[in-house]
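> sharing a sequence plus its predicted fold:
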Amino acid sequence: MDAFFASVEQRDFPEFRGKALAVGGNKERGVVAAASYEARKYGVRSAMSSKMAYIKCPDIIFTKPRFDVYKQVSDQIREIFKSYTDLVEPLSLDEAYLDVTEHKKGPSSATLIAREIKAAIKSETGLSASAGISVNKFLAKVASDMDKPDGLYVILPDQVMPFIEKLAIEKFFGVGKVTASKMHRLGIRNGKDLQKFSRIQLNQHFGKSGSYFFNISRGIDERPVQADRTRKSVGAERTFEYDLSIKDEMFEVLNKLSTQLAERLLKAKAKGKTLTLKIKYSDFKVITRSKTLGKSISNKSEIIQTVSEIFNSIDSHPLGIRLLGIAISNLDLDNDKSTTQLTLEF
């Protein structure tokens, strides 16, 4: 979906249309969850601090996220996908892989099916989507970002190698800023440069990711679309309008987060053995501490007891705390009655 959260807000509130809009945060603190295309022209991006967004675009409008609405729209879009294929692998509320090798309806062309799906999304939700079509996940993902917004980009089989050779290394899915910088130091600027390195060399420089880079530089990605992929953890976190420095306030937040986490575990029919506490300080330094129990837990009392033990084991908090989060992993899922993908709200 194109600027999904921001586009939903602009659809529902006419006063936001055509304006630089950020979902999440305010001009003083917080994080941008999504930015409209009008805001992106100023360099505003998701995951950017809202303070930086305000510096880049003083006229930007901040609005609170409405995740319940985004989830409803996402469910609408998911139903459109499923009318064409059962092989749908969601990556988030606004993105998914579809395998239409064997489809339920529509023309025998992935490109034409994508065009129909885009039209259906526009008709039913009033929102635009961009589609990438190719022979595997890696190429389809890259293609989906090539022609935004409202784009449709196709990489045919005989176009794969010429496309990859010219593709800037920053455009490779899985290559972040740090990895791109390291590749630049090695003289790797595009796919053709990456192809010059052997698997062994790439493993030496990038560890386990080396084999992945070796394969995708040659158009190889054999990962299937997994419609029944399950989540590995369940979590809840909160960023504060002001830094917390009083322990009683911190425990009050942890108590509320434990309630949210217990509710999400109940909804997911899940329990977990490993509980992780996440703390972000005022200087943006993040620490995590985990504890693995001898049994799986899911109720609030067990969660708050464990997270309190973890919190108390940390010697001191010299700086104010701007974010607290807790998550449970090492999950036991009750799948006896479920044959569909586990969906958790965050």
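Good, I have the coordinates.
> from now on I want contacts and neighbour counts done on CA atoms only, so please keep to that.
Noted.
> residue ranges of the strands in the stretch 101-250 of the chain, please?
131-133, 152-154, 233-244 (DSSP state E, counting those that start in this stretch).
> which secondary structure elements does the second one sit against?
Based on contacts counted as 3 or more CA pairs under 8 Å, 6 or more residues apart in numbering; DSSP states H and E, the elements that strand 152-154 packs against are helix 110-125, strand 131-133, helix 137-144.
> chain center to the last one: distance?
So that's helix 137-144. 15 Å (CA atoms, centre = their mean, to the nearest Å).
> hmm, back to that, most packed of the strands of the stretch 101-250 of the chain?
The highest average neighbour count among the strands of the stretch 101-250 of the chain, using mean count of other CA atoms under 10 Å, belongs to strand 131-133 at a mean of 25.
> can you list the helices and strands that that strand packs against?
Checked by 3+ CA pairs under 8 Å, 6+ apart, strand 131-133 has helix 110-125, helix 137-144, strand 152-154 packed alongside it.
> sheet partners, orientation included, of it?
Each strand paired with strand 131-133, and its direction, by DSSP bridges: strand 152-154 (parallel).
> centre of the chain to the strand it pairs with, how far?
Strand 152-154 has its C-alpha centroid displaced from the chain centroid by 22 Å (CA atoms, centre = their mean).
> for it, give the mean pLDDT please.
Taken as a whole, strand 152-154 carries a mean pLDDT of 97.
> how about stretch 282-290?
89.
> end to end, how far does that stretch reach?
Stretch 282-290 has an end-to-end distance of 21 Å (CA to CA, to the nearest Å).
> centre of the chain versus that stretch, how much separation?
From the chain centre to the centre of stretch 282-290 is a distance of 20 Å (CA atoms, centre = their mean).
> also stretch 309-326?
Worked out by CA atoms, centre = their mean, stretch 309-326 lies 25 Å from the chain centre.
> and it, which residues are buried?
Of all the residues in stretch 309-326, those buried under the rule 16 or more other CA atoms under 10 Å are 310-311, 321-326.
> what is the nearest of the residues you listed to residue 239?
The nearest member of these to residue 239, counting by CA to CA, is residue 323 at 4.3 Å.
> that closest one sits in which helix or strand?
strand 321-333 (DSSP states H and E).
> so which elements touch that strand?
Against strand 321-333 (3+ CA pairs under 8 Å, 6+ apart) you get strand 233-244, helix 247-268, strand 270-281.
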